[in-house]
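K.L.:
Quick one: sequence plus predicted model below, questions after.
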Amino acid sequence: EAAVTQSPRNKVTVTGGNVTLSCRQTNSHNYMYWYRQDTGHGLRLIHYSYGAGNLQIGDVPDGYKATRTTQEDFFLLLELASPSQTSLYFCASSDRGWGETLYFGSGTRLTVL
Amino acid sequence: AQKVTQTQTSISVMEKTTVTMDCVYETQDSSYFLFWYKQTASGEIVFLIRQDSYKKENATVGHYSLNFQKPKSSIGLIITATQIEDSAVYFCAMREFMNYNQGKLIFGQGTKLSIKP
């Protein structure tokens, strides 16, 4: 079973604060993704990557940066957090691109005051 | 641009009955993949079942099956003999075949299913 670990599980910050969400997968998957989940919107893709050093822009990228430092690690950065970024964030990974199952982490709940 | 729409916000059915959840999608691509995922009360999201657009047969896994109607751009999830533990939020998702390295998965809004004893 694929393992995707997110940290922290919960995070509270203030408007304008700097936040980094971390994700590690231990199954040598090539693809990693960051989604946010909000009521009424389902899961929306922020950024994704198909390998170390690669970054692809998703559908809601504004206000977010991401970095894939290794095959295992994918980070989501909020450099000037805003209340609109209060959400539940999920990281996921998959072995290949199209047609492949995504394995999700447990999520990080971020609150921006 | 691709889009996935689930219009049913919530559904409630009795245990051991059959339920169908609707999903429609929009895509410009001739090849694509359709998925259903389940999010449990604990927040865990797991893959359930998948349909490849070029396959005419409806996919089936356990007590989950799909009703794929390509001309209508529709992919319904059917759960037969529902159990209490099927209570969850169900997401429909689509991936276009853009190129090998740039396929992205787009999700619908989700349907909350409640199974009553």
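P.N.:
It's in.

K.L.:
all contacts plus neighbour counts: C-alpha atoms, from now on.
P.N.:
OK.

K.L.:
Tell me the spacing between the residue nearest to B:Thr60 when sequence neighbours are not counted and B:Ile75.
P.N.:
Spatial nearest neighbour of B:Thr60, excluding adjacent residues (C-alpha to C-alpha, 6 or more residues apart in numbering or on different chains): B:Leu66 at 6.5 Å. Remark: distance between B:Leu66 and B:Ile75 (C-alpha to C-alpha, to the nearest Å) = 7 Å.

K.L.:
ok and the residue in chain A nearest chain B?
P.N.:
Scanning chain A for proximity to chain B using C-alpha to the nearest C-alpha identifies A:Gly42 as nearest, at 3.8 Å.

K.L.:
Name whatever forms a beta bridge with that residue.
P.N.:
Under DSSP bridges, the beta-bridge partners of A:Gly42 are A:Asp38.

K.L.:
quick one: which helix or strand includes the spatially most central residue of chain A?
P.N.:
Geometric centre of chain A, nearest residue: A:Trp34, 2.7 Å, by C-alpha atoms, centre = their mean. Per DSSP states H and E: A:Trp34 is located in strand A:31-38.

K.L.:
Buried residues, that strand. List them.
P.N.:
Across strand A:31-38, burial judged by 16 or more other C-alpha atoms under 10 Å in any protein chain shown covers A:Tyr31, A:Met32, A:Tyr33, A:Trp34, A:Tyr35, A:Arg36, A:Gln37.
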